[in-house]
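K.L.:
Provide a 3D model corresponding to the input given below.
(one chain, ligands or ions: 2)
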Amino acid sequence: MTKFVYDFSEGNKELKDLLGGKGANLAEMTNMDLPVPPGFTITTEACKAYLASGREPAALAAEVDEHLKALEATMGKTLGQSDDPLLVSVRSGAKFSMPGMMETVLNIGLNDQSVRGLAAQADNERFAFDSYRRLIQMFGKTVLDIDGEHFEQALDAAKDAKGTKNDLDLDAEDLRRLVETYKQVVVDHAGREFPQEPREQMDLAVRAVFDSWNAPRAILYRRQERIPSDLGTAVNICSMVFGNLGPDSGTGVAFTRDPASGAKGVYGDYLQNAQGEDVVAGIRNTLSLHDLESLDKNSYDQLMSTMAQLEEHYRDLCDIEFTIERGKLWMLQTRVGKRTAAAAFRIATQLIDEGLIDDAEALQRVTGAQLGQLMFPRFDELATKNLIAKGMNASPGAAVGKVVFDTYTAIKWKRSGEKVILVRRETNPDDLDGMIAAQGILTSRGGKTSHAAVVARGMGKTCVCGAEELNVDTKGRHFTTKDGKVYHEGDLISIDGTSGEVFAGEVPVVDSPVVRYFEGELDLDDLDAADPSTELVRAVDRIMRTADGSRRMAVRANSDTEEDSARARRFGAQGIGLCRTEHMFLGDRRALVEALILADTDEERDRQLAELLPLQREDFAGIFDAMDGLPVTIRLLDPPLHEFLPDITELSVRVAVAEARGEAREGDLRLLQAVHKLHEQNPMLGLRGVRLGLVIPGLFEMQSRAILEAAAAHQRKGGVPRVEIMVPLVGAVQELEAIKEDIIAVARDVRSETGVHLEFLVGTMIELPRAALTAGQIAESAEFFSFGTNDLTQTTWGFSRDDVEAAFFSHYLEKGIFGVSPFESLDREGVGELVRIGAERGRAVRPGLKLGVCGEHGGDPDSVHFFNEVGLDYVSCSPFRVPVARLEAGRANG
Ligand code: PEP
Ligand code: MG
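P.N.:
Ligands and ions are numbered 1, 2, ... in the order given. Here you go, the predicted model:
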């Protein structure tokens, strides 16, 4: 028979699936002989059975009876006993902590009789009524679904009547009256009396925890975080200990190291004469742990040794909740604590040095996302700052600029050389151009999945959202802070997207020391030990070495300039995975490309191609220099040609105006004709990629010639070019075969002209579903595949990659349809399946086929793990993401 209830002494920390995180850790601490108040856990299995049938499983009540009896025997009193009540807390505890779930009801077992018993036992009437009013308040809110405001108002009224703001000033009589008021609130808003029967209180609270698994916020959170919806939650029933018994009691939270900086040494807050959430609720000023030492040395010493014991046992930073009841310490909770990115790296290496973990484990204790955060520029830690608001840290980085309130002004000021911060209540797709023009975005509404947050992250732009204490008046062109200060358009502010802080004025920005390390600017043997970033840089260095030692996949960069390639190499790139040649056709060269497109005779076209040839050759020569000895994948022209021509609307207007004035020029008319001819409704699905190569004679040959001539010259100089020519947007092997033939013919010519024998590969992008499905055929011709997961996502989902994120992804994210944009993190089930199929079918035909990925996903941590799993040889990403990809490739294979 399934066992539904476990005494704390029966579990351990590995049983999170069954006992939830809180229950498993309470059990672990109990078995470590730490002072945990006795109690038991109702399992997630019981919750699942309840959710499936709408009723508690038949066997549950008897098991709870049995465990409650045992608990009562241990404690020497029964639940709610009128002269000396046993009181318990009921707390939810899922495997993953989840906002939106019911959290805690304390003091269960109190009623109109037992409150007097408690008062007599504790010799403290005030304490007893304070505990009772807390029970009614928590029970009313979380079990009976009464809006908490009603209780808050009654409490405020009681304090007002007393002429105080401090709840400690309410005496026993005030609290007794408050209890009566609260009971009336329950009758008024729940339509029933507050239950006096202790066991009924407990059972209703347990059921409320079960039900809260399916609260709308919990469901949404699970969808977004991809937490399975069928895990259920456990419920912990724990005998109460009291931090509100007087000045020799209190409650606190603590960390075994500083979770912000990673500095060694405990860190925490303590509140005297308080219970439950009081510490974090900010109702009174808390004390530091240091103050506790002078208040109660014994408890302090015991707390310190307990924390040391926990760290050693969990081999990690732990956070804890504790209560001191009349000088006796009790541990109410522990878990491996959350921490900042810098703290994660520092703590991981401290733990190696302390002999608690090895290098391989330290690698698993940090993430690519954390490393990415450490690479953003940030505000000078030593600068004085004037904090004016705090919002959500929606997109990291540090941005300084003048406040603007609309897109028009953002663009206008940007054009005149100003740096601006776009401040809005919330953003919508109309604000996009303003967001692009701004250094950063600040909103007063919306969470991490709001439009502003999603779009800013997509653009890599600093964003603080949901700074609710700001009152933004876009029409009046100002915003007001909580303390009434007004900031007008043009005022300078600084926003920190990593912490969510907003500062007045300009805060100096410094380069990340981690980037300086990757750039090779720091001498690790000669760092200033007093500088707080020294330990961080050393930690990053140590962990990166472990990552490089344990990864199977190589990491390349997407780069199309010599400078970016050189930087990518400094960052550890092992080649170029994607050189987008279209980027070389912009700027001054656009006129040449325009002339090529307009050419209406073969001779004219050949002439234009011949002009482009030496320019392209020079581009490639620079990249071969920067990447000497490493593979360089150069992709032939991909985007539709109209991208190189003027905008159709602008040009039409210009020509119409000129015609009306009788000044139309022949060239403009021809240009307009060409623009019309090339105009496509869906250019992303139109004449682009390999299709261009097949339609425009000589184009791909010119590019191949430029690549091969540059490589031949590099080889003749004594260099080692490792050339890979890549054909984009292939959907059928026949397309590739035709282009490959042309490339081989060009190679033959180059060889006879230069006398240099070059090795090179011809391969293709796999970025259309058909290419993935027919990868077996394509591999007959292709010597390598590079998965273009940007286009593959676009074509698999049918999402226009240029439009959807701004148009409606914020709605999809809010509704939990996906937790993250599939353009950001690979959709494993859909797009990923095509990658897996493409890899398998390609390798089945050509066993040594080299496989890589060059879509944005190549630098996304979660996606990197997937690519490792399906056996790709390398990932390629933007130079700045290279360290992140190295780290994650190491973790994936660790
Ligand atoms: C891709 O589609 O994933 C890719 C890398 O090519 P681009 O982004 O240039 O279309
Ligand atoms: Mg593509």
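K.L.:
first to last residue in stretch 137-152, what's the distance?
P.N.:
Using Cα to Cα, to the nearest Å, the end-to-end distance of stretch 137-152 comes to 9 Å.
K.L.:
ok, and for it, which residues are buried?
P.N.:
Residues 137, 138, 139, 140, 141, 142, 143, 144, 146, 150, 151 are the ones in stretch 137-152 that count as buried (16 or more other Cβ atoms under 10 Å). Just so you know, the C-beta spots here come from the backbone N, C-alpha and C atoms, and that holds for glycine as well.
K.L.:
which ones are touching the residue of the stretch 551-700 of the chain at minimum distance from ligand 2?
P.N.:
Ligand 2 sits closest to residue 638 of the stretch 551-700 of the chain, with a gap of 6.2 Å, by Cβ to the ion. Taking Cβ atoms under 8 Å, 6 or more residues apart in numbering as the criterion, residue 638 is in contact with 580, 581, 582, 688, 689, 692, 728, 729.
K.L.:
how does it look with 6 Å?
P.N.:
Going by Cβ atoms under 6 Å, 6 or more residues apart in numbering, residue 638 touches 582, 688, 689, 728.
K.L.:
just residue 845 next, same as before
P.N.:
Residue 845 touches 776, 779, counting by Cβ under 6 Å, 6+ apart.
K.L.:
in the stretch 301-450 of the chain, what spans have low per-residue confidence?
P.N.:
429, 448-449 (pLDDT under 70).
K.L.:
roughly how far apart are residue 499 and ligand 2?
P.N.:
Distance check for residue 499 against ligand 2: by Cβ to the ion, to the nearest Å, it reads 36 Å.
K.L.:
next one: residue 540
P.N.:
Distance from residue 540 to ligand 2, by Cβ to the ion: 32 Å.
K.L.:
ok, the residue of the stretch 551-700 of the chain closest to ligand 2 to ligand 1 distance?
P.N.:
According to Cβ to the nearest ligand atom, to the nearest Å, residue 638 stands 6 Å off from ligand 1.
K.L.:
Name the nearest residue to that residue, sequence neighbours excluded.
P.N.:
Sequence neighbours aside, residue 728 is the residue nearest to residue 638 in space, at 4.2 Å (criterion: Cβ to Cβ, 6 or more residues apart in numbering).
K.L.:
Now that neighbour, what are its backbone angles?
P.N.:
Phi and psi for residue 728, reported as degrees, to the nearest 10, are phi -90, psi 160.
K.L.:
pretty sure it contacts residue 635?
P.N.:
Yes. Because the distance of 5.5 Å satisfies Cβ atoms under 6 Å, residue 728 is recorded as touching residue 635.
K.L.:
Quick check: residue 331 is in a strand.
P.N.:
Yes. Under DSSP: H, G, I helix; E, B strand; the rest coil, residue 331 sits within a strand.
K.L.:
list the contacts for it?
P.N.:
Counting by Cβ under 6 Å, 6+ apart, residue 331 touches 29, 34, 35, 36, 322.
K.L.:
go with 8 Å
P.N.:
Neighbours of residue 331 in contact, by Cβ under 8 Å, 6+ apart: 29, 34, 35, 36, 306, 320, 321, 322.
K.L.:
near ligand 2 too, which of the residues you listed?
P.N.:
With Cβ under 5 Å from the ion as the criterion, no member of the contacts of residue 331 is in contact with ligand 2.
K.L.:
Against ligand 2, how distant is the closest residue to residue 312 other than its chain neighbours?
P.N.:
Nearest non-adjacent residue to residue 312, counting by Cβ to Cβ, 6+ apart: residue 356, 6.9 Å away. To ligand 2, residue 356 is 46 Å away according to Cβ to the ion.
K.L.:
For this structure, what lies in contact range of ligand 1?
P.N.:
578, 580, 638, 767, 788, 789, 790, 791, 854, 855 (Cβ under 6 Å from any ligand atom).
K.L.:
I'd guessed the fourth one sits against residue 727; true?
P.N.:
Pointing back at residue 767 there. No. Using Cβ atoms under 8 Å as the test, residue 767 is too far from residue 727 to be in contact (10.8 Å).
K.L.:
So which of the two has more stuff around it?
P.N.:
Each of residue 767 and residue 727 has its neighbours counted (other Cβ atoms under 10 Å); residue 767 has more, 29 against 24.
K.L.:
In contact with that one, which residues are there?
P.N.:
Per Cβ under 8 Å, 6+ apart, neighbours of residue 767: 728, 729, 787, 788, 789, 790, 791, 792, 795, 855.
K.L.:
If you count contacts, what does the lengthiest helix in the chain end up packed against?
P.N.:
In the chain, assigned by DSSP state H, the helix with the most residues is helix 602-626. Contacts defined by 3 or more Cβ pairs under 8 Å, 6 or more residues apart in numbering; DSSP states H and E place helix 602-626 against helix 562-570, helix 590-598, strand 631-635, helix 699-716.
K.L.:
which parts of it are buried?
P.N.:
By neighbour count on 16+ other Cβ under 10 Å, the buried set for helix 602-626 is 605, 608-609, 612-613, 616-617, 619-621, 623-626.
K.L.:
What of stretch 802-811?
P.N.:
Buried residues in stretch 802-811, defined by neighbour count with 16+ other Cβ under 10 Å: 804, 805, 806, 809, 810.
K.L.:
now, which of these sits nearest residue 394?
P.N.:
Nearest to residue 394 among the buried residues of stretch 802-811 is residue 810, at 11.8 Å by Cβ to Cβ.
K.L.:
now for the helix or strand where the closest one lies, which elements pack on it?
P.N.:
Element membership for residue 810 (DSSP states H and E) is helix 810-814. Helices and strands touching helix 810-814, by 3+ Cβ pairs under 8 Å, 6+ apart, are helix 451-459.
K.L.:
Off-centre distance for the following helix or strand past the helix it packs on?
P.N.:
Sequence order places strand 462-465 as the next helix or strand after helix 451-459, per DSSP H and E. Relative to its chain's centre, strand 462-465 lies at 13 Å (Cα atoms, centre = their mean, to the nearest Å).
K.L.:
Give the pairing partners of strand 462-465; include direction for each.
P.N.:
strand 392-395 (antiparallel), strand 440-443 (parallel) (DSSP bridges).
K.L.:
now these as JSON lines including mean neighbour count?
P.N.:
Formatted as JSON lines, these follow (neighbours: other Cβ atoms under 10 Å):
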{"stretch": "strand 392-395", "mean neighbour count": "24"}
{"stretch": "strand 440-443", "mean neighbour count": "28"}
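K.L.:
Those: which one's closest to residue 377?
P.N.:
Between the strands paired with strand 462-465, strand 440-443 lies closest to residue 377; by Cβ to Cβ that is 11.5 Å.
K.L.:
ok so residue 92 is a helix residue?
P.N.:
No. Counting by three-state DSSP, residue 92 falls outside a helix, being strand.
K.L.:
That one - nearest residue in space that isn't next to it in sequence?
P.N.:
Here the residue nearest residue 92, using Cβ to Cβ, 6+ apart, is residue 209, at 4.4 Å.
K.L.:
Assess the claim that the one you found and residue 102 are in contact.
P.N.:
Yes. Residue 209 is within contact range of residue 102, at 5.2 Å (criterion: Cβ under 8 Å).
K.L.:
any common contacting residues for the two?
P.N.:
By Cβ under 8 Å, 6+ apart, the residues touching both residue 209 and residue 102 are residue 92.
K.L.:
Same drill for these two, tell me which one is more crowded.
P.N.:
Counted by other Cβ under 10 Å, residue 209 and residue 102 do not tie: residue 209 has more neighbours, with 27 against 23.
K.L.:
That one and residue 50, how far apart?
P.N.:
As for residue 209, its distance to residue 50 is 10 Å (criterion: Cβ to Cβ, to the nearest Å).
K.L.:
Equivalent analysis for residue 401, please.
P.N.:
Where residue 50 is concerned, residue 401 sits at a distance of 53 Å (Cβ to Cβ).
K.L.:
Counting neighbours, go ahead and name the busier of these two.
P.N.:
residue 401 (24 against 21).
K.L.:
Tell me, how many residues neighbour residue 829?
P.N.:
7.
K.L.:
Please read the previous query as pertaining to residue 94.
P.N.:
Using other Cβ under 10 Å, residue 94 has 24 neighbouring residues.
K.L.:
what's the next secondary structure element after the helix holding residue 810?
P.N.:
helix 833-845.
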